[in-house]
Every structure is written in structure tokens, then in C-alpha cells.
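Peer 1: the following block contains a protein sequence and its predicted model.
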Amino acid sequence: MSNPASPMVDWSDWRPTIDALRREFPILDRKVHGDKPLIYLDNAATAQKPKAVLEVLNRFYTESNANVHRGIHCLAEEATEAYEASRKTVASWLGAPSEKAIVFTRGTTEAINLVAHGWGNKFLKPGDRILVTEMEHHSNLIPWQMLARRTGAVLDWIPVTGDGVLDLSRLDEQLASTRMVSLTHMSNVLGTVNPVRDVVARAHAHGALVLVDAAQSAPHSLVDLNELDCDFLAFSGHKLMGPTGVGVLYGRPELLEAMDPFLGGGEMISKVTWQDATWADIPYKFEAGTPPIAEVIGLGAAVRFLQSLDWKVFHAYSDALTRYAIAQLESIDGLVVHGKAPDRGGAISFSIRDLHPHDLAHFLDQDGLAIRAGHMCAQPLIHQLGHSALTRASLYLYNLPEEVDALVRGILRVKEFFHRVLG
Ligand code: PLP
């Protein structure tokens, strides 16, 4: 995703495709606060769900609900087949070498914790370095802080420049004694798409593993394991139009084999005695207890939905809409967009002089505009930017230029209101 600056766009070629896409999302017809059409610009928090996902969830609970991997009755077999079909779908979508490399988790957060425990507890020694970046979501920071405390490992981070890109000038130095690099593919605050392939190549040259947090990039179909060449990759279903409560950890099979399980319980075992147990093969070793069955099946439907889209068109549209939104927002006096990466997605965080993000979000909500205000689960980065909270509008494939215009009009109205009231 790259965004050469030019906000003058003719949207007409895209319009039929985007209108057709919007018809797949019943929630986009909603009105809020009485008669205000919903304008949903909080997609980096979670994306809306197409009929294809809603129908699969409904059908599963209406026709095939049963537990997986244990029953030998008709419904159990149907449920297991659908659950495992999702694994195949995800594996082929990511370009994974084997379905065994796909572990279903409850989300990105659990996937990263799984690696921090299953790999980190077993293989890290005091003094080993874990390298993250200054733009991480707490999900990709706290598990490593906790691991460093448990093992005596050292946590270090790649700095971010004033433009919101990674400063890789000291990377080779930082990689000495680093065992794990864990970085986000796309920042949920700055929108920056990081040069993961380059970081992976340099990390591997130093013998370090790389985990990619793809929570924000997977929804934009930017994840190809053959290209990224990373060792682990994590994402959540709900940000790519699937259900909440489900996510994916990809791991190189040989690494997953070597790791310890994260959670213990049913279905992750091979043999159990009173004193001891042996583990099931991967990926089941990491899927203790009843998994989020309907959610996994819904995730499969969401991935199939993503696969059905013409990404040449949607990437071009998303780039144009992001550029347009940034240009329109920056035309507002006193508004600063944080993050100027040339390669970026549609998470656009900004601050406005003399206007608190929570006040702004509250007033925009009255106009039907759903945006995010706060620290976006990235407190160190937000503080680094000199703030305690920001406002974020995050775009997805179904957003329209007139929704961006409505946001800009809304912000101008709120500014005007506070100007009148506070002088
Ligand atoms: N990583 C990034 C970059 C995110 O944006 C998020 C969620 O906003 C997460 C991780 C955590 O995802 P989840 O809460 O679905 O586990």
C-alpha cells in the first residue's frame, strides 16, 4: 500500500464495486441516535461482518452445532469437517507450508502470549534479547515484558522516526544477542506498513526468529508467508470481517514441534496418567479445551470472502481513500495527522489543538460517526508523540469519500462549538 499525494480523485469507476460490497453488510444501513445514518470509521478496532459470515454462523448453530474432534455422530462429524476446512482455507490463504502450521487461538493477543510462553519459557536465557518496536500495540509488548521478567531476558525496541517509520539504522547492532524480533506489520496508530521482509532477512542473518503481528495487515490481504518469510505470524478474525473470539497463530512446523504447550486440558494430549501426560501432535497440542468452533468456521467464511475480492481494485481504492482522508483532515486548521509513512494503510490518528479526543468522539457520535479516541492500546507510542490520547479514524474497504467528508464537516462543527462556548 503506497500513497503518492493527490487528493483529486474520480471515484466513479470504483463506485459500483464499493456499492455492491456495501450491500453485503446489513449493519451499514443502520441508523443511530434516532435518524442518523451510521458512519463507521472504527475499523482498526473491529470490522463489520458480511452476510456470508453471518449466514455461516447462523447455519452452524441452526443445523450442525456439536463439539469437534470427539463425537462420532453425524453433527460432530459435520462440525469437525467445517472446523478443519477453515484450517485448510487459512493455510492456503497465507501460503503456509502445511495445515499443521495453523493454530486457532482466541485472537492475536492469545497467539502472541502462546509464543511467549511456549517458545520463550523454554528457550530464552538470562541476557538474551527480545526486540520489539516503538509502535507496538500492548498485545505485542506486554507478553514480552512478562517473558523478560520470567526469564531474565532483556527487552529492547527499534525506535520510530518523527515521520512514523522504523529507524533501522542500528538494527544490526540491536540484533546481536537477539533471539526474537516481534513487530507489527501495520501500525494501528500510525498506519505505517513496516518493511517486514527486510527485518526478517536481517534478523535471520543474526540467528533471531521473527514474529509478525498481522492484526492490521491481514484484513487488507497483505500477508503472504512466502514473501514475508517470518517464523510466526498472528492475527484476529474480527478485524478481517470474521467473528470475535478467534484468531490464528502461524508457526513454522519445526518450531511448533519444539515448543511446549501453552494451556493444558482436553484434546491437547496424547496419553494421560495420574502423574504425567504426553502431547498431541501440532497444531492440536496448542488447542486445549473446546475451541471457538462457530467462530473458527465463521473465520473460514471471512477468509473466503476476502479471497473473493479483486485486490487490485480494493488496494487502489483503499490507497486513494486514505490519501483523500489525510488531505481533507489536514485542511482543518490546528489538526495534525500523526504518521507520514509513504507506505501506509487507513488507520489515521490525529490531534487537534485545544480539543480533547474524548470530547470530539462524543460529539461526532451524536452525528452517527463512530471513531476511536484514547491511547489505542499503544501508550508508549502515544506518549512518544507527545500526547496522552489521540483521535483515530480507520477506513476499510466499504467506506466512502462522502463519509470522510461527513467526518471533516463534523470536526469543523465540533471545533466551532467549542470555540463559541470556550471562546
Ligand atoms: N496488534 C495490533 C496491531 C492491533 O491493532 C490489535 C488490536 O487492535 C491487536 C494486536 C490485538 O488484537 P486482539 O485484541 O484481537 O487480540
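Peer 2: Arrived safely.
Peer 1: any regions of the chain where pLDDT drops low?
Peer 2: Under the criterion pLDDT under 70, the flagged ranges of the chain are 1-7, 423.
Peer 1: near the ligand, which residues of this protein?
Peer 2: Among all residues of the chain, those adjacent to the ligand (criterion: CB under 6 Å from any ligand atom) are 44, 107-109, 137, 139-140, 184, 188, 213, 215-216, 236, 377. C-betas here are computed from N, CA, C, even on glycine.
Peer 1: please name the nearest non-neighbouring residue to I332.
Peer 2: Nearest residue to I332 in three dimensions, chain neighbours excluded: I411, at 5.9 Å (CB to CB, 6 or more residues apart in numbering).
Peer 1: I297 too?
Peer 2: I297's closest residue in space is A82 (CB to CB, 6+ apart), at 4.7 Å.
Peer 1: packing partners of the helix or strand that neighbour falls within?
Peer 2: Taking DSSP states H and E as the definition, A82 sits inside helix 74-94. Using 3 or more CB pairs under 8 Å, 6 or more residues apart in numbering; DSSP states H and E, the elements in contact with helix 74-94 are strand 102-105, strand 247-251, helix 293-307.
Peer 1: from those, which stretch is densest packed?
Peer 2: Scoring the helices and strands packed on helix 74-94 by mean neighbour count under mean count of other CB atoms under 10 Å gives strand 247-251 as the most buried, with a mean of 29.
Peer 1: next one: it to chain centre, how far?
Peer 2: Its chain's C-alpha centre and that of strand 247-251 lie 12 Å apart, by CA atoms, centre = their mean, to the nearest Å.
Peer 1: contacting residues around it?
Peer 2: 90, 94, 96, 101-111, 114-115, 225, 231-237, 259, 286, 299 (CB atoms under 8 Å, 6 or more residues apart in numbering).
Peer 1: on that earlier part again, give the buried residues for the helix holding A82.
Peer 2: Within helix 74-94, the residues that qualify as buried are 76, 78-80, 82-84, 86-87, 89-91, 93-94, counting by 16 or more other CB atoms under 10 Å.
Peer 1: widest-spaced pair of these?
Peer 2: Greatest spatial distance in these: A76 and L94, 27.5 Å, computed using CB to CB.
Peer 1: can you tell me the element the residue nearest to I332 falls in?
Peer 2: helix 401-422.
Peer 1: tell me which other helices or strands that helix touches.
Peer 2: By 3+ CB pairs under 8 Å, 6+ apart, helix 401-422 packs against strand 39-40, helix 311-330, helix 357-366, strand 369-370.
Peer 1: tell me the angle of that helix relative to helix 311-330?
Peer 2: 20 degrees (axes from the mean of the first three to the mean of the last three CA atoms, to 10 degrees).
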